[in-house]
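Visitor: Provide a 3D model corresponding to the input given below.
(chains A and B)
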Amino acid sequence: MNTGIQLAYLVASVLFIIGIKYLGKTKDARKGNFISAVGMLIAIVATLLTLEVLTFIEIGVCVLIGSVIGLYYAYKVPMTKIPEMVALFNGFGGLASFAVALSDYYLKSETNLASLDAVNLTSIVLSLLIGGVTFTGSMVAYLKLDGKVSGQPITFKGQHALNLFLLIAFVAASVLVFLDPTQVTFIVILIVISLLLGVMTVIPIGGADMPVVISLLNSYSGMAACATGFILNNNVLIVAGSLVGASGIILTQIMCKAMNRSLVNVLLGGFGQTVATGGADGPAVVVKEIGVEETAMLFDSASSVIVVPGYGMAVAQAQHVIRELMEQCEKRNINFRFAIHPVAGRMPGHMNVLLAEANISYDKLIEMDDINEDFSNTDLVFVVGANDVVNPAARTNPESPIFGMPILNADKARTVIVSKRSMGKGYAGVENELFGYPNCLMLFGDAKQTITKVVSEMKDMA
Amino acid sequence: MSISALIVLIYVLVLASYLGFELISKVPPTLHTPLMSGSNAISGITIVGALMACNELGYTTLSKWLGMFALVLATINVVGGYAVTDRMLKMFKKK
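Guide: The predicted structure follows:
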């Protein structure tokens, strides 16, 4: 490979790094994404220059198909479905690495057997494993997120033993491949096991833990690119892959911390099953209801309001009427802010995107650690479609399955209004103590409809 | 591959991972979703590998087909990933 190409790859690597650096500031973030895309373009063009001109038609067709599909999906997907899209694209990335590894294996085994040395075979085997697990794991995560298969954890007896057996079988088959690289049977066994392992690792994980899973799969897709870099002896793949790998690991850690769970605990799965029985024994919570007019009056008389949004808000498509509510409050000079829990939504930062889409300024969205002190001197907290993240049991009740999870101190405010379709349990299947508190009022009904009524009441008052 | 070439690759891996951890821990939680879709697009760098794999002039057909398949997937990842990230970041406004 000549020096020019290597330099182009170096430039691309630097642009990826600068692009991510720009993501550190919200106002520069779009520029960062553009810089990173330019890096990608440079890497692609440089690679194309090394290729035989005769293959350009095939390449053009493939790139055209991929671009049309990618653009169509990117512009069509609703913001509530971003987690599904990320899961799906992670899977494609994994499958691409998987296919490149296989392609490289076949080429070398048929043309230049001597080049299949131990280092190369290790890279190929690793790439198959990580790529395969990323692909099928992401597909299962996608199907769960999209509701095409149940979000309930699927567990059965001997599951962990089976996974361990698969892993041992994978190592054994890898050793056999090392001993005789021409034996295609062993490669086929490796393919089957790695695809199976992806399915097996994601099925026991419940819907509530999906933010962790997609972060982790994101990290895997980076590692898969790294492994491909080792196969092809290519630095730009390794740099880009490690950036993505690091990003996924950091997000995974943040999500685990926000749920007070260890990664091992999430991966072993089954969360939510034992929990449901534990919550059922508790005393029934007696709640106080509030109507639309009183709600509007409470907003009208408040001087500070904090909204705690959850994924339920997005499901009800209530974010746009909440912006109208915000406008009504701001007309009255009410300090109106949003408290964002790290696991609000279904992937890291999801709630911020949903609110940004509703044209809510990002400086109104305050992270948990920055706003938790302020609840005690806030007049009114409005909880929309959130549940576990405001359950005081996490602080007070050591028996509760969510005990120890960091929560928003909504209960400390003077008054709390909870907008909820009906009495039901949160993701974790736990009864929410907050609903029974003397300062808590329930506003029952579809969030979008009730809030629309509250807003029109407020308009009439003005 | 010689061991010294491998060592160089491992150097790159370790240093880039360290840099990644430093940079990404500074990304504010507000931007975590675009970070994920953007890094998703970056992981489409496999496209470089896919392009090389496509370049086999009929040596082995299977190898080439796999390369073309990988190329389509990696392109979806790259183009779709950057496009959706841009679409999201465009919405983040301060008033």
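
Visitor: Any regions of chain B where pLDDT drops low?
Guide: Applying pLDDT under 70 to chain B flags the ranges B:56-60.

Visitor: Could you pick out the longest helix of it?
Guide: In chain B, taking DSSP state H as the definition, the longest helix is helix B:3-24.

Visitor: quick one: is that one near chain A?
Guide: Yes. Counting by Cβ under 8 Å from any Cβ of the partner chain, chain A has neighbours in helix B:3-24: B:3, B:5-6, B:9, B:12-13, B:16-17, B:19-21, B:23-24. Yep, even glycine has a C-beta here, placed from its N, CA and C like the rest.

Visitor: Can you tell me which of these is closest to chain A?
Guide: Nearest to chain A, judged by Cβ to the nearest Cβ, of the residues of helix B:3-24 next to chain A is residue B:20 at 3.0 Å.

Visitor: Identify the residues contacting the closest residue to that closest one other than its chain neighbours.
Guide: Take residue B:20 and drop its neighbours on the chain: the residue closest to it by Cβ to Cβ, 6 or more residues apart in numbering or on different chains is residue A:246, 3.0 Å away. Applying Cβ atoms under 8 Å, 6 or more residues apart in numbering or on different chains to residue A:246 gives the contacts A:219, A:222, B:17, B:20-21, B:24.

Visitor: and residue A:246, how far is that from residue A:182?
Guide: Residue A:246 is 37 Å from residue A:182, where distance means Cβ to Cβ, to the nearest Å.

Visitor: can you check residue A:40 too?
Guide: In this view, residue A:40 and residue A:182 are 36 Å apart by Cβ to Cβ.

Visitor: that older thread, quick check, nearest of the contacts of residue A:246 to residue A:441?
Guide: Lowest distance from residue A:441 to the contacts of residue A:246 (Cβ to Cβ) belongs to residue B:24, with 41.0 Å.

Visitor: quick one: that closest one and residue A:20 touch, right?
Guide: Yes. Counting by Cβ atoms under 8 Å, residue B:24 does reach residue A:20; the two are 6.6 Å apart.

Visitor: Kindly reformat the residues of helix B:3-24 next to chain A as JSON lines containing neighbour count.
Guide: Listed next are the residues of helix B:3-24 next to chain A as JSON lines, based on neighbours: other Cβ atoms under 10 Å in any protein chain shown:
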{"residue": "B:3", "neighbour count": "8"}
{"residue": "B:5", "neighbour count": "11"}
{"residue": "B:6", "neighbour count": "16"}
{"residue": "B:9", "neighbour count": "20"}
{"residue": "B:12", "neighbour count": "20"}
{"residue": "B:13", "neighbour count": "20"}
{"residue": "B:16", "neighbour count": "23"}
{"residue": "B:17", "neighbour count": "21"}
{"residue": "B:19", "neighbour count": "17"}
{"residue": "B:20", "neighbour count": "27"}
{"residue": "B:21", "neighbour count": "16"}
{"residue": "B:23", "neighbour count": "21"}
{"residue": "B:24", "neighbour count": "23"}
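
Visitor: Any residue of the lengthiest helix in chain A touching chain B?
Guide: The residue-count maximum for a helix in chain A (DSSP H) belongs to helix A:82-111. Yes. Applying Cβ under 8 Å from any Cβ, one finds helix A:82-111 touching chain B at A:82, A:85-86, A:89-90, A:92-93, A:95-97, A:99-100, A:102-104, A:106-107, A:110-111.
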